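Asks: could you work out the structure for the sequence below:
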Amino acid sequence: MTSPATPPTTGVSAHATATSCAQGEALEFRLEGAGPAGVAVHDATNDRLMLTASVRGPSWVLEVPPDWPSSLYRARFVIGPPEPDVLVSRTSGDLPGSGASPDNEVYFVVRQATPGETSPILVSIPFATWQAYNRAGIPGESVYWNEQPDRAARVTFDRPGGGPPPERWEDGMLRWLGPAGYAVEYCSGLDLDLDLLSAYRLLIVNGHDEYWSAQMRDACEEFVRRGGNIAFFAGNTCWWQIRMEGRTMVCHRDPATDPVEDPSLTTVEWSSAPVSRPENSLTGVSFRNGAGIWGPDMALMREESYTARFAGHWVFEGTGLTDGDKFGQGALGYETDAAEFTEVLGVPRVTCRDGTPPSFVMLATADLRHWSSGGQGGWATMGVFTSGRGTVFNAATINWGNTLHDPVVERITRNVIDRLSRPAVPAWEVIGPVSDLRALAACGPDLYAVSPDGTLLTRELCGQNLRWLPIGSAGGVLCLDCPREAAGAVAAGLYGVTARGVLRYREARPEPADWIDVGRVPPGTTALGVSDCTFFAATSAGRLWAVTFMEMGGSPPWRDVGDSGGAVCLSGSNGRLYAVGDDHRVRTRLPVNGPAGWSDLCEAPDAAVLAAHAGRLVTAGGGQPLRWRTIKG
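Replies: Numbers count the residues shown, from 1 in each chain. Okay, here's the model as predicted:
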């Protein structure tokens, strides 16, 4: 059935007394209009007719049946009998412009009575943003337009309107989820608190969710720190701080006029003084560095595409993309978010000066600086980061959900939802291109490696797919490791072993430096590890030898401390010794200067080199890309 255009209000207007209720609860509607009215309630995500009734104002109470699915619903009121065949408006494809949610339509969410009972995924509906745009441009009735002196600083939810804007940024994803095979549960954005979120593994924020209270943001950030995940298929997210005072939303947009006593609750942009809490810590990105296109130039959003910058990342699995490929035409608009970044040997890397977390990995970019002639010039940067035990993905654009017909956009969306809605399991993640390395070590913030031609290489130790930078000769060493700190006569830095059994040292800095001979190692040494102020050497004979820093001298008394666990490479970190065997299994033991048993940890497919550092293992080789994983999930 084809849905006709929504007709204008015909003598009745309505609003609900809450933006959500649970299954089995009652929701009250307040009506204004002459005579009896009819109401039809549809599931707004699939057009399913749920109820028709004849009602009489000024109040009507909907007793929500316990078997109604958790979803977004629309109640449409008309004078006379209900009109069940007038379906929920669909995304038209028209660009944003004028228009308003009809006063005879009321949107509301039915929450799952027992949160998380049917799904680990929670979808938030941005009622605060919808209400902010309600009656935009009417003096004293809307917080829009932004700088007009007659805009309202306080708007109430106890009024008609406040449904999705005509552009229906959220519509595409809401209608896609069910047919795509995803059972999800819904909430109003105003419901977001830690008690609710704790029942789920993944929160989806979709479309245009611009207005957030401190309570909403605090809950979401703590949810991630505790191991929850968030997928922002959205843009211009968490831009304004609001306060809820009962059913009134407060947003002065001006610190001079907001009477609140606590400066941190001032209703301005989250990044502005006196709040000075950039939204990047929640989302990874910000509209400050993003782009917007309005007015007659808005059609440009249909022409723009992302450029893949890290096609080897799990987010792009199955897309067939390679770095530099364009994708997602039309998904970028009409507002986008971005992290500040710089190019490092042709790869984007966040600067973190704008509040973006250092763990943010840039996956795709779009240069939208030319939008400055029709709005705000800037960028869009898709990315992912970790905070505490959780992961956050951000598509960084409002229109992502309305381009899910694009196979690449759909596959990325599935990859994100599938991974982040499942229990976290330690897994190897790609952090760099395929690298044929002879040795690998982590020292401070950097990785160091030896290439097959004997060049020493370095790059930042991070999740970004940075290129290796040559910094001089590797001094003939075949294996590498780095002590956590200096002790005795042993300085902190890089230590390696040459084919002739010489132990060599150089400073760990990303620039050329001299190698210095500091001693010898047991015959047949093939791998070197350092832990607990002790050097460990694995030999081709399958034995493990050790010498403490304090024992280093002209002829160090290396001692046989047991078998090597089959090690082809070693590394020490945080009071443990790690080894990869020729069977590509990672094993670990205590770094004691005597016999100790090895325990099996995990598989490292085709790994030829290993570095352990700060709770992570890093491997490469065997035609595999540079990868890392946490030692413990």
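
Asks: mind listing what residue 118 touches?
Replies: Shown in contact with residue 118 (Cβ atoms under 8 Å, 6 or more residues apart in numbering): 70, 112, 183, 185. Any C-beta I mention is one placed from the backbone N, CA and C, and that applies to glycine too.

Asks: go on, residue 50?
Replies: Residues near residue 50 by Cβ under 8 Å, 6+ apart: 41-43, 68, 73.

Asks: in CSV, list those residues along with secondary structure.
Replies: Formatted as CSV, those follow (DSSP: H, G, I helix; E, B strand; the rest coil):
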residue, secondary structure
41, strand
42, strand
43, strand
68, coil
73, strand
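
Asks: shaky segments in this protein?
Replies: For the chain, residues meeting the criterion pLDDT under 70 lie at 1-10, 91-100, 553-556, 633.

Asks: ok, what's across the strand from residue 577?
Replies: Under DSSP bridges, the beta-bridge partners of residue 577 are residue 572, residue 589.

Asks: which stretches of the stretch 301-450 of the chain form helices?
Replies: Here the stretch 301-450 of the chain has its helices, by DSSP state H, counting those that start in this stretch, at 407-420.

Asks: repeat that for the stretch 151-300 of the chain.
Replies: Going by DSSP H, counting those that start in this stretch, the stretch 151-300 of the chain shows helices at 171-177, 194-197, 214-225, 280-283.

Asks: pull out the buried residues from the first one.
Replies: Which is helix 171-177. Burial within helix 171-177, assessed by neighbour count using 16 or more other Cβ atoms under 10 Å, is assigned to 171-177.

Asks: of all the helices of the stretch 151-300 of the chain, which one is nearest residue 421?
Replies: Proximity to residue 421 (Cβ to Cβ) singles out helix 171-177 among those, at 11.5 Å.

Asks: so what does the closest one touch, helix or strand wise?
Replies: strand 202-208 (3 or more Cβ pairs under 8 Å, 6 or more residues apart in numbering; DSSP states H and E).

Asks: that older thread, who wins for neighbours among the contacts of residue 50?
Replies: Highest neighbour count within the contacts of residue 50: residue 73, with 26 neighbours (other Cβ atoms under 10 Å).

Asks: of the contacts of residue 118, buried ones?
Replies: 70, 112, 185.

Asks: of all the helices of the stretch 151-300 of the chain, which one is nearest residue 162?
Replies: helix 171-177 (16.1 Å).

Asks: who are the contact partners of residue 56?
Replies: Residue 56 neighbours (Cβ under 8 Å, 6+ apart): 36-37.

Asks: please report how far it lies from residue 525.
Replies: 90 Å (Cβ to Cβ, to the nearest Å).

Asks: what's the answer for residue 161, then?
Replies: 76 Å.

Asks: cool, residue 213 as well?
Replies: 61 Å.

Asks: which of these two has more neighbours?
Replies: residue 525 (24 against 21).

Asks: and that one, how far is that from residue 182?
Replies: 54 Å.

Asks: check residue 266 too.
Replies: Taking Cβ to Cβ, one finds residue 266 at 38 Å from residue 182.

Asks: show me which of these two is the more surrounded one.
Replies: A count of neighbours by other Cβ under 10 Å puts residue 266 above the other of residue 266 and residue 182, at 24 against 18.

Asks: so the more buried one touches residue 260, yeah?
Replies: Yes - if you go by Cβ atoms under 8 Å, residue 266 and residue 260 touch, sitting 5.8 Å apart.

Asks: can you give me phi and psi for residue 132?
Replies: Backbone geometry at residue 132, expressed as degrees, to the nearest 10, gives phi -60, psi -40.

Asks: the one 10 residues further on too?
Replies: Here is the backbone geometry of residue 142 (degrees, to the nearest 10): phi -150, psi 150.

Asks: likewise for residue 459?
Replies: Dihedral angles (degrees, to the nearest 10) for residue 459: phi -160, psi 160.

Asks: my guess is it contacts residue 468, does it?
Replies: Yes - at 5.3 Å, residue 459 counts as touching residue 468 under the criterion of Cβ under 8 Å.

Asks: more neighbours: which of the two?
Replies: Remark: of residue 459 and residue 468, residue 459 carries more neighbours, 23 against 20, as counted by other Cβ under 10 Å.

Asks: thinking again about what came up before, CSV for the buried residues of helix 171-177, including distance to residue 560?
Replies: Output for the buried residues of helix 171-177, formatted as CSV (distance: Cβ to Cβ, whole Å):
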residue, distance to residue 560
171, 69
172, 66
173, 62
174, 66
175, 68
176, 63
177, 61
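
Asks: most widely separated two among those?
Replies: Greatest spatial distance in these: 171 and 177, 11.4 Å, computed using Cβ to Cβ.

Asks: what about residue 180, how many residues nearby?
Replies: Neighbour tally, residue 180, other Cβ under 10 Å: 13.

Asks: can you tell me how far residue 412 is from residue 380?
Replies: Residue 412 is 14 Å from residue 380, by Cβ to Cβ.

Asks: go on, residue 568?
Replies: 43 Å.

Asks: neighbour count winner among the two?
Replies: For residue 568 versus residue 380, the count of surrounding residues by other Cβ under 10 Å is larger for residue 380: 29 against 22.

Asks: touching, the more buried one and residue 396? I think so.
Replies: Yes - using Cβ under 8 Å, residue 380 and residue 396 qualify as a contacting pair, with a distance of 5.1 Å.

Asks: hey, what's in contact with both of these two?
Replies: 235, 290, 336-338.

Asks: ok, the residues you listed vs residue 478, which is closest?
Replies: residue 338 (43.3 Å).

Asks: quick one, what contacts the closest one?
Replies: Neighbouring residues of residue 338 by Cβ under 8 Å, 6+ apart: 285-286, 289-291, 378-381, 396.

Asks: repeat the analysis, applying 6 Å as the threshold.
Replies: Residue 338 is in contact with 285, 289-290, 378-381, counting by Cβ atoms under 6 Å, 6 or more residues apart in numbering.

Asks: ok, and the most crowded of those residues?
Replies: Most surrounded of these: other Cβ under 10 Å gives residue 285, at 36 neighbours.

Asks: neighbours around the nearest residue to that residue once chain neighbours are set aside, how many?
Replies: Distances taken as Cβ to Cβ, 6 or more residues apart in numbering put residue 337 closest to residue 285, at 3.9 Å, once the chain neighbours are dropped. Residue 337: 33 surrounding residues under other Cβ under 10 Å.

Asks: wait, residue 337 touches residue 396, no?
Replies: Yes - contact criterion Cβ atoms under 6 Å: residue 337 and residue 396 qualify, at 4.3 Å.

Asks: is residue 107 bridged to anything, and to what?
Replies: residue 74.

Asks: wait, it touches residue 76, no?
Replies: No - using Cβ under 6 Å, residue 107 is not in contact with residue 76; the gap is 10.0 Å.

Asks: the more surrounded of the two?
Replies: Neighbour totals were compared for residue 107 and residue 76, and residue 76 leads with 23 against 20 (other Cβ under 10 Å).

Asks: that one: what's it in contact with?
Replies: Counting by Cβ under 6 Å, 6+ apart, residue 76 makes contact with 40, 105.

Asks: tell me which element it is part of?
Replies: Applying DSSP states H and E as the criterion places residue 76 in strand 71-79.

Asks: residue 54 and residue 38 touch, don't they?
Replies: Yes - the pair residue 54 / residue 38 is scored as a contact, 5.5 Å apart, by Cβ under 6 Å.

Asks: what residues sit buried inside stretch 259-274?
Replies: 265-272.

Asks: wait, I meant stretch 314-327
Replies: By 16+ other Cβ under 10 Å, the buried positions in stretch 314-327 come out as 314-317, 319, 321, 323, 325, 327.

Asks: what of stretch 534-551?
Replies: Neighbour-count burial for stretch 534-551 [16+ other Cβ under 10 Å]: 534-539, 543-549.
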